[in-house]
Every structure is written in structure tokens, then in C-alpha cells.
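Novice: fold the following, please.
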Amino acid sequence: MKKLLYILTAFVFVACSKDDTNSDISFKAVLGVEESISPFNGDELFYSDVAYGTGTRNQLDILLPKGGKPHGVVLFFHGGGFVSGSKEDIYADDLQETLQAILDQNISVVSANYTLLTTPGNQGVISALEDGAKVINYIQSQMSALNIPSNKIILAGASAGAGIAQWNGFREATNGQVQGVVALAAQSTYDLYEWENVFPGFSLDELRQMSVALQILFTQFYGGSEPTQAALDAVDYRDFMDANDPPVYLYNTAGTEVINAEGGLDFDVLYHSILHTDYLRLKAIEVGQEFSGAHQESPDAFVLRVLN
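Specialist: Model (predicted):
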């Protein structure tokens, strides 16, 4: 009897330990990579360069809290204007403090690379947006193995990455398990002609004639040719917004004057103006979608609120 009681006690202890703490042993087999040294404070499991697809930039990093079953996961997409940047950017800039606060609340973090406009074989910005969907699908397929609740996903990004988060977060085909979207230094839509409604007196075609850099980017953006209306509609995530979408956190700081004092094009304003977030908020109000921002709460506070 004593022997049986000992075995049962040991079984319960092992079972509880498996449920309450994350172990590196099982994750190696699931993710296909060895644990690496965490870029944060070392209190989490870190897996680098996990493949989520077959593309040359289809890799992501995963940070899992060691202390117990995660409450959810933040999928983060880096910035860089779709021509630069990497998943490692979040470990060295201002986002590190925010992401560390999220990890400290037992929430996993994923940082993903995606196809750029300079990646051979890309089809324009749609390739990056669809890579975002691949990241979601991959993480959803692994959530049970990673001990993450199946309906606790936050999509987040900065600049270009904010666009990936919004396109997937406002899109019915990909937002079924998404609880919130964090869009930092965001654009309002990737139908660039819609930006004429964002900036007073703005003419995209006139600016394309004025700026060689903008013309080159425009051509790359839509896969090397003038876009059809169908191509513009496919990337107009502002038009996707409705009352059934998850709440969105919006935060931009750039000004409103697209033409600078020297008469040149101010790309920071063009991409990150507060007018972009104003335009998104107007749509959210129109359709009844919940939104938040820095005047209401910090990004990590938003994440904690919508996951609880």
C-alpha cells in the first residue's frame, strides 16, 4: 500500500510539474531547433530561426516564459518600410522594455521576419502580408504543444510591421483567434491612393513625379507594375474594418507636413503621420470597432487587458 501511495504521489507531482512549467525538452522536438541564450534577462526559453514556411525569410524567434503556462502570445512584425529590418530589431530598441513587461506577465512573444520588396521572387507588399498569415497559421498549429491558449493571440508591429498586423487582424480569414492588434507608427491603408484622403492637398501621382525614390518604391510595392483596382482593394485593410474585428491600439507621433522646409518629401511624415491614425480612428468610430492609444493606456497594458 505504501509503495502504491508513493507511486501515485510521484505521478501527481510529475503531472502537475508538466502542466505548470515549460520544459525545453519537449519544445526542441516541436520547433526543430535548440534553445538559445535569451536576448532579454534570461528568465525565458528562447528559440531562434524557427522555420514557419519555405521562403528565404520565413523564420521567427519564440520567447516562452519559464514560470508556467503562458496566458497568450504576442506575434510581432518588425518595421523597415518593407525594404529592411529584421526580427532581431526588437531586442535592441525602445520596444525591448515593453516586450519585457509583457514577458514578465507570463505572455509569450514571437518576432518574425517576412518577405521584403527586395527579396527575390516577391510579388510586392502582398507577399509580406501573406507571410503574416503564415506566421499566424504556424503558431496556431503549435499552440497546444507550446501550452498557449488557443484563442489568445495579439498581433503587433511597428511601421511596415503594423501594416502586417492590421491586414491580418482586420481580415476575417486570419483573425479568428486574434484578441487585439497593436499598430505602432502605422499606415492607414496600403491602397496608397487612399492617402489622398489622409493628407490635405496630397496627390500621389504628383509626388511620384517629384520623387524618384517614391516612384521606385511605388513600383516595387505593387509587384513591379501599375496596380489594378483589385490589387489596391486586396491591401486596403482600412476597408476591412468592422465591429466584429478585435480592438486596435494605435500610436503615431510624426507630424502632418509631407513637404519639408527644403521642398523635399518627408518620408517619416508620409509613413508615420498622426493623420494616419486619425484616419483609422474615424473608420473605427464609423463601424463600431473598439480602439485605444497612448492617451488611454500603454501598449503592454492594452495587451494584458484584452488577453484577460
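Novice: low-scoring stretches of the stretch 51-200 of the chain, by residue?
Specialist: 93 (pLDDT under 70).
Novice: what ranges do the strands span in the stretch 51-200 of the chain?
Specialist: Ranges of strands within the stretch 51-200 of the chain are 59-65, 73-77, 108-112, 153-158, 178-184, based on DSSP state E, counting those that start in this stretch.
Novice: neighbours around residue 35, how many?
Specialist: 15 (other C-beta atoms under 10 Å). Quick note: C-beta positions are derived from backbone N, CA and C, even for glycine.
Novice: against residue 136, how distant is the closest residue to residue 288 other than its chain neighbours?
Specialist: Leaving out its chain neighbours, the residue that sits closest to residue 288 by C-beta to C-beta, 6 or more residues apart in numbering is residue 243, at 3.8 Å. For residue 243, the distance to residue 136 equals 21 Å [C-beta to C-beta, to the nearest Å].
Novice: neighbour count winner among these two?
Specialist: Between residue 243 and residue 136, counted using other C-beta under 10 Å, residue 136 has the larger neighbour count: 24 against 10.
Novice: reformat the strands of the stretch 51-200 of the chain as CSV; add distance to residue 167.
Specialist: What follows is those, written out as CSV (distance: least, C-beta to C-beta, whole Å):
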stretch, distance to residue 167
strand 59-65, 17
strand 73-77, 10
strand 108-112, 14
strand 153-158, 9
strand 178-184, 10
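Novice: JSON lines please, covering the ones you listed and showing distance to residue 44 and mean neighbour count.
Specialist: Output for those, formatted as JSON lines (distance: least, C-beta to C-beta, whole Å; neighbours: other C-beta atoms under 10 Å):
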{"stretch": "strand 59-65", "distance to residue 44": "5", "mean neighbour count": "24"}
{"stretch": "strand 73-77", "distance to residue 44": "12", "mean neighbour count": "28"}
{"stretch": "strand 108-112", "distance to residue 44": "8", "mean neighbour count": "26"}
{"stretch": "strand 153-158", "distance to residue 44": "17", "mean neighbour count": "28"}
{"stretch": "strand 178-184", "distance to residue 44": "20", "mean neighbour count": "26"}
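Novice: and of those, who's closest to residue 38?
Specialist: Residue 38 sits nearest to strand 59-65 of all the strands of the stretch 51-200 of the chain, at 6.7 Å, using C-beta to C-beta.
Novice: helices or strands up against that closest one?
Specialist: With contacts taken as 3 or more C-beta pairs under 8 Å, 6 or more residues apart in numbering; DSSP states H and E, strand 59-65 sits against strand 44-51, strand 108-112.
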